[in-house]
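Undergrad: Prediction below, plus the sequence it came from.
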Amino acid sequence: MRCFACFDGGSRERRREEERIASAEARARAAEAAQKRQEQFEQSAVGRAAKAQLAAAAKQKTNTNKGEPVLKWQMG
């Protein structure tokens, strides 16, 4: 049957193209679903708390040592 392999080239290419299109559509649907989940998370109480916690951590991080060394050594 190997001698007839060249006759199946068209359907094989068409099948590959269909699979590529289906894969692209699946990726697009997955991206939309991920975006929707992200928006729902941001609107939820847990999402707002996480955002506030990150903002507080960033604020605290910028106000730390104020130019002073982190470790202070004393010669005794």
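TA: Yes, it's here.
Undergrad: Do you know the pLDDT at A49?
TA: Looking at A49, its pLDDT is 93.
Undergrad: Distance-wise, check it relative to A56.
TA: Per C-beta to C-beta, to the nearest Å, A49 is found 10 Å from A56. No exception for glycine: its C-beta is placed from N, CA and C like everyone else's.
Undergrad: which stretches of this structure have low pLDDT?
TA: Applying pLDDT under 70 to the chain picks out residues 1-9, 62-67, 69-70, 76.
Undergrad: ranges for the helices of it?
TA: Ranges of helices in the chain, per DSSP state H, are 9-43, 45-62.
Undergrad: now what about the shortest one, what contacts it?
TA: The reference is to helix 45-62. Q40, F41, E42 (C-beta atoms under 8 Å, 6 or more residues apart in numbering).
Undergrad: Next up, the contacts around the second one.
TA: When contacts are counted by C-beta under 8 Å, 6+ apart, F41 touches G47.
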